[in-house]
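>>> Got a sequence here, can you model it:
(chains A and B)
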There are 2 protein chains.
Amino acid sequence: MRRSSNLGDMDAPLVREATPDDVAAIVTMVRELAEFEKLAHECEISEATLSRSLFGESPAVFAHVAVAHDGTVAGMAIWFLTYSTFQGRHGIYLEDLIVRPELRGQGFGTALLRRLAAVAAERGYGRFEWVALDWNEPAIRFYETLGAQRMPEWLRFRLSGDALEAIASSN
Amino acid sequence: MRRSSNLGDMDAPLVREATPDDVAAIVTMVRELAEFEKLAHECEISEATLSRSLFGESPAVFAHVAVAHDGTVAGMAIWFLTYSTFQGRHGIYLEDLIVRPELRGQGFGTALLRRLAAVAAERGYGRFEWVALDWNEPAIRFYETLGAQRMPEWLRFRLSGDALEAIASSN
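Below is the predicted model of the structure:
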């Protein structure tokens, strides 16, 4: 019998590696996240490109999904490998962690994070990292309850679009 | 004839993919950077582990070096592939950019960044990203003169060490 009174009581949701059959559900969730983050104008993903990225030759990006009781995809994690030169070891970077809005609070997000932490530990990786928007308080609270450390001293820089082209062509 | 009056006048320094012969120089530079960043206690890299990471089977981390006139390695960039779910495209993350202290200001760092920007552009990648410590003003000024955009709204989180183990084993 499944109890849902609190997280500690719940059976852990099923988490598995994504398959090509999950791509449509993943793209739907990415688009929903883009809306939430007010970044829908930057969301160009399609099922064809995501399929190629995840299931083409020598993929460099990976996905896990959390599955609800009725078999539908409740959440997903997209991740890739980092490398720490100081450690001389790879790590995991979680690019996106998304749980369908109507299924939040049931442990799917925690189960996905736990699985990726287990992948990192099994492989001897040194770090498991991600970023959150600084106004996304529920996400930040959730990450801190897991024991994740904020790294506020690291300032992120990005070259993209015209600025990237300009520097590339000055080479 | 090589002029050194300013960056714009200089011949672009030679940048090439690292080879196994560069590993010793790279490890020396990583250790120097760790001292500068006051993180020497976190620096565990060895020539053997770096060689395996860069030149083993199916590497997931890459290195370029900038070479001085006399053939010595003046600087290096260690990088890996990211993935933007929104874009459905890979990008480049620059893990470390290091120029030997006595060779700074001669364009080696710029040449390395330009080369990686060119790799990104050639492959159709969407982003070229990195982080800087928020107190490293010379680095921040350098990145901004290149047109890189600060992303202060993204807060970085990390699970490592005991916290990573704890979550992994709760899986």
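>>> First-to-last residue distance for stretch A:143-163?
With C-alpha to C-alpha, to the nearest Å as the measure, stretch A:143-163 spans 33 Å from end to end.
>>> Might you list the low-confidence residue ranges for chain A?
Residues of chain A meeting the criterion pLDDT under 70: A:1-10, A:171.
>>> Please verify my assumption that A:D134 contacts B:L155.
Yes. Using C-beta atoms under 8 Å, A:D134 makes contact with B:L155 at a distance of 4.8 Å. In short, each C-beta sits where N, CA and C put it, glycine included.
>>> Let me see the contact set for the residue nearest the centre of chain A.
Centroid-nearest residue in chain A, with C-alpha atoms, centre = their mean: A:D96, separated by 2.8 Å. If a contact means C-beta atoms under 8 Å, 6 or more residues apart in numbering or on different chains, then A:D96 has A:V30, A:L33, A:M76, A:A77, A:I78, B:T85 as its contacts.
>>> Let's have those residues in TSV, adding distance to B:L103.
Shown next, in TSV, are these (distance: C-beta to C-beta, whole Å):
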residue	distance to B:L103
A:V30	44
A:L33	44
A:M76	46
A:A77	42
A:I78	39
B:T85	39
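>>> Return the subset of those residues lying in strands.
Counted as lying in strands by DSSP state E, out of those, are A:M76, A:A77, A:I78.
>>> What separation do you get for A:L133 and B:L155?
Distance of A:L133 to B:L155, given as C-beta to C-beta, to the nearest Å: 7 Å.
>>> Does the helix or strand harbouring A:F142 reach chain B?
Element membership for A:F142, per DSSP states H and E: helix A:137-145. Yes. Using C-beta under 8 Å from any C-beta of the partner chain, helix A:137-145 reaches chain B at A:I140, A:Y143.
>>> check contacts around the closest residue to A:A63 other than its chain neighbours.
Among residues not flanking A:A63 along the chain, A:A18 sits closest, at 3.7 Å (C-beta to C-beta, 6 or more residues apart in numbering or on different chains). A:A18 sits next to A:I26, A:L54, A:F62, A:A63, A:H64, A:V65, A:M76 when contact means C-beta under 8 Å, 6+ apart.
>>> residue contacts, the fourth one?
The contact partners of A:A63, taken as C-beta under 8 Å, 6+ apart, are A:E17, A:A18, A:D22, A:I26, A:L54, A:M76, A:A77, A:I78, A:W79.
>>> Ok, the last one next?
Contact criterion C-beta under 8 Å, 6+ apart gives A:18, A:22, A:25-26, A:29, A:63-66, A:96-98, A:112 as the residues in contact with A:M76.
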